[in-house]
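**Student:** take this sequence and fold it.
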Amino acid sequence: MAELLQFLFSGVTVGAVYALVALGFTIIYNASDVVNFAQGEFVMLGGMLTFVCHAAGLPLPLAALIAIVVTSAIGVAMNKLAIEPARGAPVVSLIIITIGASIFIRGGAQLLFGKQIHSFPAFSGDTPLRIGGATILPQSLWVIGGAVVVFVGLWLFFTRTLTGRAVLATSNNRLAAQLVGINTGFVMTLSFALSAGIGALAGVLATPITLTSYDVGLAFALKGFAAAMLGGMGNPKGALAGGFLLGLLEALTAGYLSSQYKDAAAFVVILLVLFFMPQGLFGRKSTERV
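**Tutor:** Here you go, the predicted structure:
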């Protein structure tokens with residue numbers, strides 16, 4: 001029982017990180033129908049910039065705040081310099097642009113930060129908490145709490161605010177949104193800023209546990225995308241649930257089979273879900289009038 005509980009703790013922790021990345025995917029997708037594959041690089045930047053600022057002597061909370069703000073600014077710059085100029089292009093072209101931006105950011109990070117693996121101290125120390133014979137790090141509670149808080153904030157944003165509804169309206173019909181007075185340019189800028197900030201927050205929270213380097217973004221992007229697809233792309237509730245389910249699946253596979261199979265098992269389940277439920281677990285079936 002203690003062994004199972006330990007696997008569950010590990011799965012929930014990594015699943016919370018995947019959920020945060022998936023929530024970042026959700027914001028951009030809701031605003032533009034574009035899947036932003038540079039989302040994983042925002043996670044990497046959050047961790048790397050926090051490490052650099054903390055190593056320079058700044059207090060950890062200030063270093064984390066600077067990392068989130070700078071990463072949000074990079075997200076805005078990506079929208080202004082790469083996405084907006086190609087706004088009339090097909091969605092597939094925009095997705096390819098985000099892949100190119102991901103490669104560019106990763107290369108720049110390698111030049112600036114080097115190839116070393118970095119970390120910084122946990123927020124509440126490294127002494128594990130014992131629960132039911134298993135242990136969980138205090139930093140894991142920060143990660144899980146961060147994912148839940150971001151989810152609640154996004155749910156309230158999309159359902160209770162005019163700006164959140166403007167984001168959804170822009171996604172459904174950009175021209176119609178413009179005709180009713182919605183500033184779609186501001187909506188896109190805000191979406192990229194929020195998405196990048198959430199990605200950076202994931203990096204800040206996860207780095208004391210997972211460590212960070214210039215090339216960790218690709219894995220986070222793939223797992224976050226898988227979590228978003230599993231839960232239902234564009235649905236914050238689905239992103240949260242998909243992240244936790246994917247993390248639990250990986251942890252149980254690694255614990256009871258082998259860590260070599262955890263990635264394969266996760267994506268096999270994703271494929272099965274998409275074959276039989278293409279809209280994901282919480283997505284809605286859509287119809288298009290012709």
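**Student:** from what I see, residue 8 and residue 251 are in contact.
**Tutor:** Yes. With the criterion set as C-beta atoms under 8 Å, residue 8 and residue 251 qualify as a contacting pair; they are 7.1 Å apart. Any C-beta I mention is one placed from the backbone N, CA and C, and that applies to glycine too.
**Student:** quick one: mean pLDDT over whichever strand or helix holds residue 104.
**Tutor:** Here residue 104, judged by DSSP states H and E, is contained in helix 91-113. For helix 91-113, mean pLDDT rounds to 93.
**Student:** buried residues of that helix, list them for me.
**Tutor:** Under the neighbour-count criterion of 16 or more other C-beta atoms under 10 Å, helix 91-113 has 94, 97-98, 101-102, 105-106, 109, 113 buried.
**Student:** got the residues you listed as a markdown table, with distance to residue 236 columns?
**Tutor:** Rendered in a markdown table, the data for the buried residues of helix 91-113 read as follows (distance: C-beta to C-beta, whole Å):
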| residue | distance to residue 236 |
| --- | --- |
| 94 | 22 |
| 97 | 25 |
| 98 | 20 |
| 101 | 24 |
| 102 | 23 |
| 105 | 25 |
| 106 | 27 |
| 109 | 28 |
| 113 | 31 |
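**Student:** quick one, helices of the stretch 1-150 of the chain?
**Tutor:** Counting by DSSP state H, counting those that start in this stretch, the segments of the stretch 1-150 of the chain that form helices are 2-32, 39-55, 60-78, 91-113, 138-160.
**Student:** next, the buried residues of stretch 252-264.
**Tutor:** By neighbour count, and taking 16+ other C-beta under 10 Å as the criterion, the buried residues in stretch 252-264 are 252-255, 262-263.
**Student:** which of these sit farthest apart?
**Tutor:** Of all pairs drawn from the buried residues of stretch 252-264, the one with the largest separation by C-beta to C-beta is 255 and 263; the distance is 14.3 Å.
**Student:** need the residues that contact the helix holding residue 104.
**Tutor:** Contacting residues not belonging to helix 91-113 are listed as 32-38, 40-41, 44-45, 48, 52, 74, 78, 82-83, 86, 89, 213-215, 217-218, 221 [C-beta atoms under 8 Å, 6 or more residues apart in numbering].
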